[in-house]
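Participant: Next input, structure requested:
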Amino acid sequence: MDVIESKVDVGSEEYQKNYKEMAALVKDLENELDKSFNERSPKALKRHEESGKLPAKKKLDLLLDKNTPFLEIAPLAAKDMYDGKIHKAGLIAGIGVVEGQECLISINDATIKGGAIYPMGVKKTLRCQAIAMENRLPLITLMDSAGAYLPLQSEIFPDIDDGGRIFFNQARISKMGIPQIVGVMGLCTAGGAYGVAMCDEIVHVKQHGAIFLGGPPLVKAATGEEVLANDLGGAELHCNDSGVSDYYAQDDAHAIRIIRKITKNLPRNEKSTLSMTEPELPIYDAKELYGIVSPDLSQPYDIREVIARIVDGSRFLEFKEMYGETLVTGWANIHGYPVGILANNGILFSRSAQKATQFIQLCDKRKIPLVFLQNINGFIVGSDYERAGITKDGHKMVNAVANCSVPKFTMIVGASFGAGNYAMCGRAYSPRLLWMWPNAQIGVMGGSQAADVLISITNDQRKRAGQKSMTQEEINFINKPVIEAALKEGNAYYSTSQLWDDGIVDPAKSRDVLGLAISASLNAPLRDQEYGFGVFRM
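Facilitator: Sure, this is the predicted structure:
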């Protein structure tokens, strides 16, 4: 493979401006991540400490192997939702290493509303289960939850993607042979009790760990019986009498030591193998990405400059370099893992889509994981392009992305609009993991384009009615709210709050994030479905 020759002028005014603006976005991101971990009410922290429980972050530190990375999932889920204080949707979750085994870890944060489960907490749990199933990762859950947040119970309970789906998934995960281990470190009420009972092995902490279908208030209301939480569902009852729990722990730290022993005792399934190379750093500084990519999405740049700062040795074997030039495709390695990369250098034309379709088929046939670098405004439009077959060529690409059976990973590094989002493996096309850079935007189309479309439609309607076209004042009246709504609902923070992605990442950390994700994916077979494609419209 050839080394990509960078043409970036790090001393240019444009580079320095971009760098300053992107660095500010990254600083904002770091502040938001710190806030999500540490902004808790003094009252909740004091109550948690007095109960003898460990903070969620401390539990995570004790659970993970020392000096190993943790790939957090959706750290800013539910940001600015509810009362603005349901950080991380109430739970820390991610992929980490426990006794040498990559696991999907989920930890309730009881300093947030007593660990009550909000609708976005359900959505995040379902997302974590999907990641565990796709990548065959053992699940370790540290439970401490007061159950569903009742004022929002209608958004938590009945539908196919609501709380009941969690238990459905647990049954399917068990059938798949994926281990599920849980530590009972607080109240596990109603659905929380089912979630515990459906795990393979249960570690129960004495005194403050309790499992029951109905807590003391409900028992009293339903039967008149007055009973304490520990007598109703404590560790002694469930370890000695009911047999629900399997291990008795003195405290949180002891429970985590037991969980580590259980994990160590799990059989080690051999990971899938790829044709690895010796990992090496890119020859260019990853932080140069700050100066290359402008937060202003209208500013163009060569996506190869991004690839050069992510892949091993900055080496890249480009496929069909001179054909369909608005899409860059080719082979590289990331942390030694071979990957096929599809990266946008403009909107998608027929030739770009045809090239993508062929390249995806090649990678799928050779069992090479795919990495999509999205900066896409969509497919080309217009009568000449329709006549040339852009619709059917776009169909080919979408078909290939949907049916590709090797692991796929998506990084949105800029725009992600319209059908371009789909063709470049957006969330609906099931990448194993998907992230956004802090400058990224997502939507059906950009705000200005949406406003122009509405204005055009309105003027056409007026023309048919024999009326005058809109005045500039009327145009401004439409423009402003449409553009403002697009900026609000299309920015990276809105996306990540809604769990449309798995997290916002510092561009300079993209390489490491991808490497960790690829490693985790190898716990599953390289093909998660039968090889083959649908009908390609020729």
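
Participant: how long is stretch 234-249 end to end?
Facilitator: The first and last residues of stretch 234-249 sit 11 Å apart, counting by Cα to Cα, to the nearest Å.

Participant: Low-confidence regions, the chain specifically.
Facilitator: Low-confidence regions of the chain, defined by pLDDT under 70, span residues 445, 447.

Participant: so where's the longest helix in it?
Facilitator: The residue-count maximum for a helix in the chain (DSSP state H) belongs to helix 13-38.

Participant: Off-centre distance for that one?
Facilitator: The offset between the C-alpha centroid of helix 13-38 and the centroid of the whole chain comes to 20 Å, using Cα atoms, centre = their mean, to the nearest Å.

Participant: so residue 332, which of the three states?
Facilitator: Using DSSP: H, G, I helix; E, B strand; the rest coil as the criterion, the local structure at residue 332 reads strand.

Participant: Also residue 40?
Facilitator: In terms of secondary structure, residue 40 is coil; the call rests on three-state DSSP.

Participant: residue contacts, it?
Facilitator: Residue 40 makes contact with 87, 111-112 under the criterion Cβ atoms under 8 Å, 6 or more residues apart in numbering. Backbone N, C-alpha and C define where each C-beta goes, glycine included.

Participant: any idea how far residue 48 is from it?
Facilitator: When Cβ to Cβ, to the nearest Å is applied, the distance between residue 40 and residue 48 equals 8 Å.

Participant: give me phi/psi at residue 472?
Facilitator: Dihedral angles of residue 472 (phi, psi; degrees, to the nearest 10) stand at phi -60, psi -30.

Participant: Ignoring the adjacent residues along the chain, who's closest to residue 226?
Facilitator: Spatially, and ignoring its direct neighbours in sequence, residue 226 is nearest to residue 220 (5.7 Å; Cβ to Cβ, 6 or more residues apart in numbering).

Participant: what's the helix or strand for that neighbour?
Facilitator: helix 216-223 (DSSP states H and E).

Participant: List the buried residues for the very next helix or strand once past that helix?
Facilitator: Sequence-wise, the next helix or strand beyond helix 216-223 is helix 229-233, with elements assigned using DSSP H and E. Burial within helix 229-233, assessed by neighbour count using 16 or more other Cβ atoms under 10 Å, is assigned to 229-230, 232-233.

Participant: same question, stretch 418-428
Facilitator: Residues 418-427 are the ones in stretch 418-428 that count as buried (16+ other Cβ under 10 Å).

Participant: and what of stretch 374-389?
Facilitator: When burial is assessed from 16+ other Cβ under 10 Å, stretch 374-389 yields the following buried residues: 374-380, 389.

Participant: try stretch 82-100
Facilitator: Counting neighbours by 16+ other Cβ under 10 Å, one finds that the buried residues in stretch 82-100 are 82, 86-99.

Participant: Go through the contacts of residue 40 and name the one nearest residue 446.
Facilitator: Taking Cβ to Cβ as the measure, residue 87 is the one of the contacts of residue 40 closest to residue 446, at 30.2 Å.

Participant: that older thread, what is in contact with residue 40 and residue 48 at once?
Facilitator: Taking Cβ under 8 Å, 6+ apart as the contact criterion, the common neighbours of residue 40 and residue 48 are residue 111.

Participant: Which parts of the stretch 401-538 of the chain are strands?
Facilitator: 408-417, 433-436, 441-443 (DSSP state E, counting those that start in this stretch).

Participant: from those strands, which stretch is densest packed?
Facilitator: Comparing the strands of the stretch 401-538 of the chain by mean neighbour count (mean count of other Cβ atoms under 10 Å), strand 408-417 ranks first with a mean of 26.

Participant: Who does residue 330 form a beta bridge with?
Facilitator: In this structure, residue 330 bridges to residue 318, residue 341 when assessed by DSSP bridges.

Participant: before we move on, back to that, among the buried residues of stretch 418-428, name the ones in helices.
Facilitator: Within the buried residues of stretch 418-428, membership in helices is found for 418-423, as judged by DSSP H.

Participant: Between these, which sits nearest residue 501?
Facilitator: Relative to residue 501, and with distances defined as Cβ to Cβ, the nearest of these is residue 421, at 11.3 Å.

Participant: How much space separates the residue nearest to residue 189 when sequence neighbours are not counted from residue 110?
Facilitator: Nearest residue to residue 189, sequence neighbours excluded (Cβ to Cβ, 6+ apart): residue 147, at 4.0 Å. When distances are taken as Cβ to Cβ, residue 147 and residue 110 turn out to be 12 Å apart.

Participant: between the two, who's got more neighbours?
Facilitator: Neighbour comparison, residue 147 and residue 110: the larger count goes to residue 110, with 25 against 22 (by other Cβ atoms under 10 Å).

Participant: Skipping adjacent residues, who's closest to the more buried one in space?
Facilitator: Nearest-residue entry for residue 110: residue 144, 4.3 Å, with adjacent residues in sequence omitted and distances by Cβ to Cβ, 6+ apart.

Participant: residues contacting that neighbour?
Facilitator: By Cβ under 8 Å, 6+ apart, the contact list for residue 144 reads 53, 108, 110, 115, 185-188.

Participant: can I assume it sits in a helix?
Facilitator: No. In this structure, residue 144 is strand, not part of a helix, as judged by three-state DSSP.

Participant: Could you check how far the nearest residue to residue 488 once chain neighbours are set aside is from residue 443?
Facilitator: In space, and not counting its chain neighbours, residue 488 is closest to residue 494: 6.3 Å by Cβ to Cβ, 6+ apart. Here the distance between residue 494 and residue 443 works out to 10 Å (Cβ to Cβ).
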